[in-house]
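S.K.: sequence and computational prediction follow.
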Amino acid sequence: MTAFVGPILFALFVWWFSTGAIIYLDGLPRPTFKWSMLGATALLGLAFYGLYASADDTTKGGAYMAFASALIAWGWHEISFYMGYVTGPRKHACEEGCSGLPHLGHALKVSLWHELAIVASFVLILVLTSGGANQFGKWTFVILWVMHESARLNVVLGVRNLNAHFLPAHLAYLKSFLNNKPMNLLFPFSVSISTVVCSVIATEAALATDPFLQAGFTFLATMMALAILEHWFLVLPIPAELMWNWSMKSRDAAKPLDPASPRAEPHRHDHGKSHTHPSVARLRSAP
């Protein structure tokens, strides 16, 4: 049992801290964004190297390196989107009365470059880890990607908790693309399929005797479980956002120092659309 404790605690901490760190950095004055992005890009390079270097490493340390490298690579996509560097061709709110497939198409356009960048990173990860015995980094990235898309679709279709106050002011136009309702028809399928997948991965971890496989499958199962938990956070009447309220302090401190920052759009109440949160609505989510 002790073989699983380390990977679980490591994944929990990185998930919690990385989500809060991205929200914190997004709340700093706009002139700091270029430095945050520069640092994130340097880490992205190290992450790709870590995935390459760990591809043939079947030790427990190799599993940790592959997992951490994939998380760092994913973090670059999160921070580049929420700082406004890699978003999409559409940078304005959805028109009043827009719904159905046109609304979904507009929602895709606001994050098209972001989605294509994720595809590009995945292709590169496939190349860097091709033929390697250690594929846990690749599968970590896949889990983050798939669950990210699932959560994003759910908040577009409608969920109870959108946590609008986490959304940076420069992305205020995203508020018009989300709906506030108790639940949508996709949600039960999202959590049910994800739970089955998580159970299969957790079983692999429990049956493994090799420390490398124990750690690797535990990382994957933990990230799946956290992603499922984040989905439930979207619909349950619980204040899950309190776990990251510490990250909002940067916005309070930046207000008097950043008077030129873009103003959020006026609050809208039309068509049941509401505000959303960047990473808590999905991490990551959304680390």
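M.R.: Sure thing, it's come through.
S.K.: residues near residue 233, how many?
M.R.: 24 (other CB atoms under 10 Å). Any C-beta I mention is one placed from the backbone N, CA and C, and that applies to glycine too.
S.K.: quick one: the helices in the protein, in order.
M.R.: In the chain, the segments counted as helices under DSSP state H are 2-26, 33-53, 60-82, 100-109, 112-129, 136-157, 186-207, 211-233, 249-254.
S.K.: enumerate every residue touching residue 66.
M.R.: Residue 66 sits next to 50-51, 54-55, 57, 129, 134-138, 140, 216 when contact means CB atoms under 8 Å, 6 or more residues apart in numbering.
S.K.: about what we covered before: what about the helices of the chain, which gets the closest to residue 239?
M.R.: Closest approach to residue 239 among the helices of the chain (CB to CB): helix 211-233, 9.6 Å.
S.K.: extract the CA atoms of that closest one and return them as CSV.
M.R.: Provided in CSV are the C-alpha atoms of helix 211-233 (Å, rounded to 0.1, in the frame of the first residue of the first chain):
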residue,chain,number,x,y,z
PRO,A,211,7.6,-0.2,-8.8
PHE,A,212,7.8,1.5,-12.2
LEU,A,213,4.3,0.2,-13.2
GLN,A,214,2.9,0.8,-9.7
ALA,A,215,4.0,4.5,-9.8
GLY,A,216,3.0,5.0,-13.4
PHE,A,217,-0.5,3.6,-13.2
THR,A,218,-1.1,5.3,-9.9
PHE,A,219,-0.3,8.6,-11.5
LEU,A,220,-2.7,8.0,-14.3
ALA,A,221,-5.5,6.8,-12.0
THR,A,222,-5.0,9.7,-9.7
MET,A,223,-5.2,12.2,-12.5
MET,A,224,-8.4,10.5,-13.8
ALA,A,225,-9.9,10.6,-10.4
LEU,A,226,-9.1,14.3,-10.0
ALA,A,227,-10.5,15.1,-13.4
ILE,A,228,-13.7,13.2,-12.5
LEU,A,229,-13.8,15.1,-9.2
GLU,A,230,-13.5,18.4,-11.0
HIS,A,231,-16.4,17.4,-13.2
TRP,A,232,-18.5,16.8,-10.1
PHE,A,233,-17.4,20.2,-8.8
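S.K.: count of neighbours near residue 72?
M.R.: By other CB under 10 Å, the residues close to residue 72 number 21.
S.K.: hmm, back to that, could the helices of the chain go into TSV alongside distance to residue 242?
M.R.: Shown next, in TSV, are the helices of the chain (distance: least, CB to CB, whole Å):
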stretch	distance to residue 242
helix 2-26	11
helix 33-53	24
helix 60-82	20
helix 100-109	28
helix 112-129	28
helix 136-157	19
helix 186-207	22
helix 211-233	11
helix 249-254	14
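S.K.: with distance to residue 241 and mean pLDDT added, can I get those helices in TSV?
M.R.: Putting these into TSV (distance: least, CB to CB, whole Å; pLDDT from 0 to 100) gives the following:
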stretch	distance to residue 241	mean pLDDT
helix 2-26	10	92
helix 33-53	22	97
helix 60-82	16	96
helix 100-109	22	71
helix 112-129	23	96
helix 136-157	14	94
helix 186-207	19	97
helix 211-233	8	96
helix 249-254	14	71
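S.K.: next, the buried residues of stretch 40-54.
M.R.: Neighbour-count burial for stretch 40-54, counted by 16 or more other CB atoms under 10 Å, picks out 40, 43-44, 47-48, 50-54.
S.K.: contacts for it?
M.R.: If you take CB under 8 Å, 6+ apart as the criterion, stretch 40-54 is touched by 62, 65-66, 68-70, 72-73, 75-76, 79-80, 124-125, 128-129, 132, 134, 137-138.
S.K.: which of those are buried?
M.R.: Taking 16+ other CB under 10 Å as the criterion, what is buried in the contacts of stretch 40-54 is 62, 65-66, 68-70, 72-73, 75-76, 79-80, 125, 128-129, 132, 134, 137-138.
S.K.: tell me who's in contact with the residue sitting furthest away from the middle of the chain.
M.R.: Most distant from the centre of the chain: residue 209, at 31.0 Å, with distances by CA atoms, centre = their mean. Applying CB under 8 Å, 6+ apart, we find residue 209 in contact with no residue.
S.K.: cool, residue 242 as well?
M.R.: The contact partners of residue 242, by CB under 8 Å, 6+ apart, come to none.
S.K.: contacts only, for residue 232.
M.R.: Going by CB under 8 Å, 6+ apart, residue 232 touches residue 191.
S.K.: can you rerun that using 10 Å?
M.R.: The contact partners of residue 232, by CB atoms under 10 Å, 6 or more residues apart in numbering, come to 161, 187, 191, 238, 240.
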